[in-house]
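Peer 1: Next comes the sequence, and after it the predicted model I'd like to discuss.
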Amino acid sequence: MDNFDTARLIYLVLLGSAVLLWFFAQNRASLGKVTQQALVWGLIFVGVIAGVGLWGDIRQTVQPTQTVMAQGNRIELPRAPDGHYYLTAEVNGTPIRFVVDTGASQIVLSQSDAREAGLDLSDLIYIGRAYTANGTVRTAPVKLDSIAIGPIRDHDVRAVVNEGAMDESLLGMEYLQRFSSVEIGGGKLVLTR
């Protein structure tokens, strides 16, 4: 906690204490009933705080993260709460989470995802450049033995490894163009081969 948060916490504790003291002073004649009501309201308050704190986890559990339909080589992805579409693909047999990014031209792997997929980072030669919102970064071309999304599998797929820091790997247009149809609408992304 920084100083600003500590000051807020102290203020709230003092304010809460003052309200509680006033409440007990006003109702000292029926202290047993007041204590019972205070405990009920305290439990309600703790429940609300817990619900707010866990809301992200609750939404993640209730909302599906990916729906892969094997019928007709169709992949359907729901839009995430942050507005992006995420999918998990097996890269060289390892599950890697991607952001579907129509603004990216290639498959871009973060260094940690490239390592998990079995690529030797010490052999990479960073000869490419990518122009991002955060500036220019160097990239190293690689060839993936395989990439599979549900029933759809491709071999010898070109990609790049980003030298800069990336939170998630990107699935760009070069790969999306392998699909006959890419549709976005109704809160979902549908890829069809």
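Peer 2: It's in.
Peer 1: and the helix ranked longest in the chain, what other elements does it pack with?
Peer 2: Determined from DSSP state H, the single longest helix within the chain is helix 31-62. Counting contacts by 3 or more CB pairs under 8 Å, 6 or more residues apart in numbering; DSSP states H and E, helix 31-62 packs against helix 3-26. The C-beta positions use only the backbone N, C-alpha and C, and glycine is treated the same way.
Peer 1: now the helix it packs on: mean pLDDT?
Peer 2: In this model, helix 3-26 carries a mean pLDDT of 83.
Peer 1: helices or strands next to it in the packing?
Peer 2: Applying 3+ CB pairs under 8 Å, 6+ apart, we find helix 3-26 packed against helix 31-62.
Peer 1: what about the longest strand in the chain?
Peer 2: strand 135-149 (DSSP state E).
Peer 1: buried stuff in that strand?
Peer 2: Of the residues in strand 135-149, 137, 138, 139, 140, 142, 144, 147, 149 count as buried by neighbour count, 16 or more other CB atoms under 10 Å.
Peer 1: Which strands or helices does the helix or strand following that strand pack on?
Peer 2: Going down the chain from strand 135-149, the next helix or strand is strand 152-162, by DSSP states H and E. For strand 152-162, the packing partners by 3+ CB pairs under 8 Å, 6+ apart come out as strand 108-109, helix 111-116, strand 128-132, strand 135-149, helix 173-176.
Peer 1: Any idea which of those gets closest to residue 10?
Peer 2: Closest to residue 10 of these, according to CB to CB: helix 111-116, at 40.3 Å.
Peer 1: same for that closest one, what does it pack against?
Peer 2: strand 94-100, strand 152-162.
Peer 1: just checking, what packs against the longest strand of the chain?
Peer 2: Using 3+ CB pairs under 8 Å, 6+ apart: strand 135-149 touches strand 86-91, strand 128-132, strand 152-162.
Peer 1: Any stretches of the protein with poor pLDDT?
Peer 2: 1-4, 58-72 (pLDDT under 70).
Peer 1: per-domain residue ranges of it.
Peer 2: Per the record, the chain has its domains at 3-62, 67-192, by automatic domain parsing.
Peer 1: which of those sits most buried?
Peer 2: Counting by mean count of other CB atoms under 10 Å, domain 67-192 has the highest mean neighbour count of these, with a mean of 16.
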